[in-house]
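K.L.:
when you get a sec, could you give me coordinates for this:
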Amino acid sequence: MGRPPKVAVPKPDKVVTTYRMEDLGYEFPVTGNWLRDQLEVEFACFRIGHERKHGGLGKFGHFKRIVDLLWNNPELECQKKFIHNPWATRMLQKACDKDIEELGVAGPTSAGKSDPFALWAVVNYIADPTHVKVLVMSTTLDGAKLRIWKSVREYIEALPDFPGKKLWSTNRISGPTYDGTGFGESSGLLLLASEKSREKEALERLIGIKSPRTGAPDYSFEGLKRQFPDLVGQFDEDTLKDLLPCLANLSGDRIGKLILIVDEATGLPESLLSAIRQNMRPGNVGSLQVIMLGNPNLHWDSFGRFCEPKVGWDNVTIHDEEWETVTGGLLIRFNGEKNPRITEKNDLYSWMLTQQRIEDIARDCGGKDSLGYWRMVLGMWSPEGSESGIYTQGDVEAHGAMSSEKVVWGYEKPSLHSSLDCAFSDQGDRAFVTFGKLGKDPEGKMVLERTGTKVLEIDISKDTKTPVNFQIVRKWKAECERRGIPPQNCCFDSSGAGIVFGDIVATQWSPLVQGISAGGKALKEADPVVKREKDGTERSLLFANRATQLWYSAHPYFRAGQIRGVTPELAKEICSRQLDPGHTGDGRTLKIEGKKDYRVRLGQSPDEADSFFLMVEHCRAKHGFKSADRAAPVADSKNMKGKGSWNKLRERAMRLHKSHKGNLRR
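P.N.:
Numbering: from 1, shown residues only. The predicted model follows:
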């Protein structure tokens, strides 16, 4: 007897999963479109972080469900897919944690940091388009359009039905108005650049910005109970305290969410970090999330300060993959040596580093103990800094230059000084003025304290008759006279176009103002630099030019604790200048990289540091500023044998060496 013929059984219609939201008094409109109805449920559950104990999947679970329904859904044939991977999952799970309002993500190059957070921006917006505003910031607009903003646009363009007005020409998305009649700027997405030329514009956007809101909701527990009276008798008080704030995110009168995502955060100016903490945070308590992404560089750049460990930099090592920050946020980091492409042998993660690429980076950066390797592979702040840098973090940090304690002067009143690194059009620099005090402490040791800076801004549209250099001199003179600084205590860079500028200074102010040339050959009077090689031998190196000499000349003053008042911004510039990689000098001379090369690498000129080193030289050459440390400056501070703070620095390096063999020299 044969088998009965197969009968086609019709598939049942898909049923919308509501995750017991109806138990919380929430009803969903039914349109008959399963995908649209299911997404409405997922959006609501994502917004409140619907936990498993209440029937949900948790915030990340619903986030993943939204992603898979929209971009990874085979029925939609979406052109933009999201590849789930262990690193992206960890990043997004932390972003979903309601207790983390500040999240730093540090990692190597090609870690895939930008794409998950572009998706994070888009999902948060489409889940609540009238009450979510996302600011995406990167160093430059062009860079962002190749990285995070590119991903934002791709995820948005892949959606068949997007709830916003796309204005790509102005790098923004306008959200729907509360009444649904149009679009406005209260919600949406906006791209900002943090580079110097756009810093003022970004600052104006951040200061005073508020998360989207309707009404004046009362988020106190008693106020929430009045808002949801039907639930008061159904749950115990502890459950209500956990549940009601979440449900408030679904009410008509509510405060929405403001999200700031900073890509390439190592380039974030200090002013913008201050605006985030001093203006955005106080004005958006409980409704602001700040996420910063970057490749670690210096402790004092904006990314380093944002991620500073609560326990201090000395107490974190290469083994630490996350820590609480000083402001109560969280830092998570990723080590490129252990990325999923290598550990899982999965080439689906094609953007991540291969073992061969890691070896190439080690070779190109000068070894696995170099700043470049720590930054681009290990995704960790180096304990000391770059071997190719003129100054390391230890040089500037170890002897009180950045101390917040005020300088105690001796019996004599300190003299006031000023230095100007002028702006010349062929270099594109700023007219940067540094102010300082020079005097003796109670022990008789001479100390130079940097007390402030001033960028002389010239608006030629307001004064078309006076040449720019004349305006600069007059503004500089006025700033010094206002502070009581005599002309004989002032100096400027007289190299290049500064030769003619010196005549203007002499006629418009005084011939007593000192001109210091940063160009040409080094002065013969300077001591050589002593560099210790790997084999323990020493060799003396001379300066290839005057600019190199000026930058190196402050080494003994830093070591002797005679420099004070250095800010994180100045320290960042000091430690960012590197040796010229193309200069060999037959192994006999040192040469710093040119300012044009520095600008190409970091996007701006080291004007503040140039002005600062002019002041050091001015005080040395004209006002008897002598170093209390007569040892010659040492180019390679890692191998410097000293006492006190240097021993502490070396001991720290040794601890890190034991925890990560091969990444630090003994």
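K.L.:
all strands of the stretch 151-300 of the chain, in order?
P.N.:
Assigned strands in the stretch 151-300 of the chain, in chain order: 165-167, 172-176, 183-193, 257-262, 288-294 (criterion: DSSP state E, counting those that start in this stretch).
K.L.:
what is the following helix or strand past the last one packed up against?
P.N.:
The helix or strand immediately downstream of strand 288-294 is helix 302-306, counting by DSSP states H and E. If you count contacts as 3 or more C-beta pairs under 8 Å, 6 or more residues apart in numbering; DSSP states H and E, helix 302-306 packs onto strand 102-106, helix 270-275, strand 288-294. Yep, even glycine has a C-beta here, placed from its N, CA and C like the rest.
K.L.:
so which of these is nearest Leu203?
P.N.:
Comparing the helices and strands packed on helix 302-306 by their distance to Leu203 (C-beta to C-beta), the top pick is helix 270-275, with 5.7 Å.
K.L.:
return the distance of that closest one from the chain's centre.
P.N.:
In terms of C-alpha atoms, centre = their mean, to the nearest Å, the centre of helix 270-275 is found 10 Å from the chain centre.
K.L.:
count the neighbours of Glu22 for me.
P.N.:
Neighbour count for Glu22, taken as other C-beta atoms under 10 Å: 11.
K.L.:
per-residue confidence at it?
P.N.:
pLDDT, Glu22: 88.
K.L.:
would you verify that it is located in a helix?
P.N.:
Yes. Counting by DSSP: H, G, I helix; E, B strand; the rest coil, Glu22 is located in a helix.
K.L.:
quick one: residues contacting it.
P.N.:
If you count contacts by C-beta atoms under 8 Å, 6 or more residues apart in numbering, Glu22 has none.
K.L.:
for Pro217, same thing?
P.N.:
Going by C-beta under 8 Å, 6+ apart, Pro217 touches Gly223, Gln227, Ala248, Ser251, Asp253, Arg254, Ile255.
K.L.:
just to revisit the earlier point, the helices and strands packed on helix 302-306: lowest mean pLDDT?
P.N.:
Per-stretch mean pLDDT for the helices and strands packed on helix 302-306 is lowest at helix 270-275 (a mean of 89).
K.L.:
okay, buried residues for that helix please.
P.N.:
If you call a residue buried by 16 or more other C-beta atoms under 10 Å, then helix 270-275 has these buried ones: Glu270, Ser271, Leu272, Leu273, Ala275.
K.L.:
what about the closest residue to the first one other than its chain neighbours, how many residues close to it?
P.N.:
I take that to be Glu270. Distances taken as C-beta to C-beta, 6 or more residues apart in numbering put Glu569 closest to Glu270, at 4.8 Å, once the chain neighbours are dropped. The local packing of Glu569 (other C-beta under 10 Å) involves 17 other residues.
K.L.:
quick one: stretch 52-59 to chain centroid distance?
P.N.:
In terms of C-alpha atoms, centre = their mean, the centre of stretch 52-59 is set 34 Å apart from its chain centre.
K.L.:
re earlier: out of the helices and strands packed on helix 302-306, nearest to Leu206?
P.N.:
Of the helices and strands packed on helix 302-306, nearest to Leu206 by C-beta to C-beta is helix 270-275, at 4.4 Å.
K.L.:
who's in contact with the residue nearest to Glu270?
P.N.:
Applying C-beta under 8 Å, 6+ apart to Glu569 gives the contacts Glu270, Trp300, Glu608.
K.L.:
Gly267 reaches Ala193, doesn't it?
P.N.:
No. Counting by C-beta atoms under 8 Å, Gly267 sits too far from Ala193 to count as a contact (9.9 Å).
K.L.:
neighbour-wise, which of those two wins?
P.N.:
Gly267 (24 against 20).
K.L.:
for the chain, what helix or strand is lowest in average pLDDT?
P.N.:
Least confident helix or strand, the chain: helix 645-659 with a mean of 44, by mean pLDDT, DSSP states H and E.
K.L.:
wait, doesn't Gln471 sit right on Lys462?
P.N.:
No. Contact status for Gln471 versus Lys462: not in contact, 9.5 Å apart, counting by C-beta under 8 Å.
K.L.:
compare the two (neighbour count), which wins?
P.N.:
Comparing Gln471 with Lys462 by other C-beta under 10 Å, the one with more neighbours is Gln471, at 19 against 8.
K.L.:
and the more buried one, how close does it get to Ile516?
P.N.:
Distance from Gln471 to Ile516, counting by C-beta to C-beta, to the nearest Å: 22 Å.
K.L.:
what of Gly394?
P.N.:
Using C-beta to C-beta, Gly394 is found at 28 Å from Ile516.
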